[in-house]
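**Q** Provide a 3D model corresponding to the input given below.
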Amino acid sequence: MKKSPPPPPILLAEFKAFHSLEESFAIMESIIKDQSESNLQLYFTLPYTYIEPLKEKLQEQNVVVGVDRLLNTDTEQFTGSISLEMLKAVGAQFVLIGSSHERKFFQEDLYTLKDKLEKTLRSDMKPIVCVSDTQDEFYGDQSKEILMGELSELLGNLSSEELNGLHLLYDPIWINQTLWEADHPDLYKAYHQFNEVLQELFPPEVVSTLRVMYAVPTYSQDLPHIIEKLSASGYSLGILTGSVAEAHPLPFLATQTKDL
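**A** Take a look at the predicted model:
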């Protein structure tokens, strides 16, 4: 049987809360144009009020849009909040579950995140499950234990069908906000360690179907070289996170990530 080609790598750009609708559209158009010759699949997290108008403007473009926060309830008691059904109604296609910023500012624990994941899997939206460690845990040689515990708790009860094609994001704030040099060994040690955790937790046939993504240091001046080195190291999927304003423009990605 002929082996199916791997899915394309993903560029995920997250919008902050200070862009107007017109600015957001201009930025998205520019990124789409920059990446027109690449094989990247473009994912954008948007403010929920922008999803419908921007999808209408970009209806001919092959982009995937979603949000980075989901209300964790099925009740109607949270006046003014945004539910899963409301997000689906305006065209959201994915939701980040457990992003580093969500954990930091909303103190959401694994029980809450697991409940969000289960709700999202029951819907037509795609979950992107985020896991992370801290800088102290990494340098204290505790990261593997922490990451394995998080993944076991969040994914341990999922069926093989639910795991098939699941999106995972290694999303530690300390990597994203450190001004790494391209050759710093600790950066690649962190990525490799996350891969080891996946291989220890899941059988090869499951690992091969996961869409695994890695937060990269958006602020680093060596970002193009870091992307290039990740590609040369055999990483099959890559990701950029952070503000679109910080991550744009990214014309180098058209050539640097063809083999990610």
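**Q** every contact and neighbour count from this point should use C-alpha atoms.
**A** Fine.
**Q** measure residue 103 to residue 167 for me?
**A** Separation of residue 103 from residue 167 (C-alpha to C-alpha, to the nearest Å): 18 Å.
**Q** those two: which is more packed in?
**A** residue 167 (18 against 15; other C-alpha atoms under 10 Å).
**Q** what helices and strands are in contact with the helix or strand residue 144 falls within?
**A** Taking DSSP states H and E as the criterion, residue 144 maps to helix 143-155. Packing partners of helix 143-155 (3 or more C-alpha pairs under 8 Å, 6 or more residues apart in numbering; DSSP states H and E): helix 110-121, strand 126-131, helix 185-201.
**Q** of all the ones you listed, which one comes closest to residue 155?
**A** helix 110-121 (8.0 Å; C-alpha to C-alpha).
**Q** now mean pLDDT too, for the helices and strands packed on helix 143-155, in CSV please.
**A** Shown next, in CSV, are the helices and strands packed on helix 143-155 (pLDDT from 0 to 100):
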stretch, mean pLDDT
helix 110-121, 88
strand 126-131, 92
helix 185-201, 88
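**Q** deepest of these, which one?
**A** With neighbours defined as mean count of other C-alpha atoms under 10 Å, those peak in mean count at strand 126-131, which reaches a mean of 22.
**Q** by contact count, what packs against the helix or strand just after it?
**A** Using DSSP H and E, the helix or strand that follows strand 126-131 in sequence is helix 135-139. The criterion is 3+ C-alpha pairs under 8 Å, 6+ apart, and there are no helices or strands that helix 135-139 contacts.
**Q** quick one: helix 135-139 to chain centroid distance?
**A** The chain centre lies 21 Å from the centre of helix 135-139; the measure is C-alpha atoms, centre = their mean, to the nearest Å.
**Q** got a list of contacts for that helix?
**A** With C-alpha atoms under 8 Å, 6 or more residues apart in numbering as the contact definition, helix 135-139 has outside contacts at 143, 146, 174, 190.
**Q** just so I have it, where are all the helices in this protein?
**A** 21-34, 48-57, 84-89, 100-106, 110-121, 135-139, 143-155, 160-163, 173-176, 185-201, 204-207, 223-232, 244-247, 253-256 (DSSP state H).
**Q** any idea which helix or strand in the chain has the lowest mean pLDDT?
**A** Here the helix or strand of the chain ranked lowest by mean pLDDT, DSSP states H and E is helix 253-256, holding a mean of 36.
**Q** of the helices of the chain, which shows the lowest average pLDDT?
**A** For these, mean pLDDT drops lowest on helix 253-256, to a mean of 36.
**Q** how about the residue nearest to residue 166 when sequence neighbours are not counted, what does it touch?
**A** Closest residue to residue 166 apart from its sequence neighbours, by C-alpha to C-alpha, 6 or more residues apart in numbering: residue 210 at 5.2 Å. The contact partners of residue 210, by C-alpha under 8 Å, 6+ apart, come to 163-168.
**Q** coming back round to it: from the chain's centroid, how far away is the helix holding residue 144?
**A** 17 Å.
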